[in-house]
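S.K.: please work out how this folds:
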Amino acid sequence: MIIILYLSAAIVAVAIFYLVVSVSKTLRSVQHTLDSVAGTLNGLEKQMTGITTETTALLHKTNLLAEDIQRKSEALNTVVDSVKGVGDSIQDLNKSIKSVSTSVSQKVEDNKETVAQVIQWSNVALDVWERVKMKRKKAQPVSTELHSLEANAPQGKRSRSYS
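M.R.: Coordinates of the predicted model:
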């Protein structure tokens, strides 16, 4: 029985040895995996640093762009306000012209009879003027003929000719 005891102690020793070797292999494998993970994390950290730098630069450019848009928007608001002012001025001018036009139309309507009388009197005056001019033209050739006939006639005899 002693042999069994020695035999069992040897089996236990072999089992413990096998257990130590297995745990050692497992620890080496884990060590290798941890080294790989550490390398991956170092690479990831470098990439994150690059991403952070690019993100900061992009954020800075975005802020500059937002400020530029804000300035241009304010300038555009000034232009829009100016255009609105011009539109208001044109609208006021249209109202003034309409008011003057209405006033003139009202005055013409109020003075329609007076204007008609002035036109009639001016037509009469023009007609009288035309008649006076016609009489002068008719009278002038006759007197011119008379003067020429008297100049050509013999001294002792005067003749009158009427046409």
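
S.K.: any idea how far the residue nearest the centre of the chain is from residue 42?
M.R.: Geometric centre of the chain, nearest residue: residue 80, 8.0 Å, by Cα atoms, centre = their mean. As judged by Cβ to Cβ, to the nearest Å, residue 80 and residue 42 stand 56 Å apart. C-beta here means a position set from N, CA and C on the backbone, and glycine is covered the same way.

S.K.: next one: residue 89
M.R.: 71 Å.

S.K.: what number of residues lie near residue 115?
M.R.: 13 (other Cβ atoms under 10 Å).

S.K.: in terms of pLDDT, where does the nearest residue to it once chain neighbours are set aside sit?
M.R.: Nearest residue to residue 115 in three dimensions, chain neighbours excluded: residue 108, at 7.0 Å (Cβ to Cβ, 6 or more residues apart in numbering). pLDDT, residue 108: 77.

S.K.: cool, and residue 157?
M.R.: pLDDT, read off for residue 157, is 50.

S.K.: and residue 149, by the same measure?
M.R.: 57.

S.K.: likewise residue 142?
M.R.: 54.

S.K.: what's the longest helix in this structure?
M.R.: As assigned by DSSP state H, the longest helix anywhere in the chain is helix 2-110.

S.K.: from the chain's centroid, how far away is that helix?
M.R.: When C-alpha coordinates are averaged (Cα atoms, centre = their mean, to the nearest Å), helix 2-110 and its chain have centres 34 Å apart.

S.K.: so how far is the next helix or strand after it off the chain centroid?
M.R.: The helix or strand immediately downstream of helix 2-110 is helix 112-152, counting by DSSP states H and E. For helix 112-152, the separation from the chain centroid amounts to 66 Å (computed by Cα atoms, centre = their mean).
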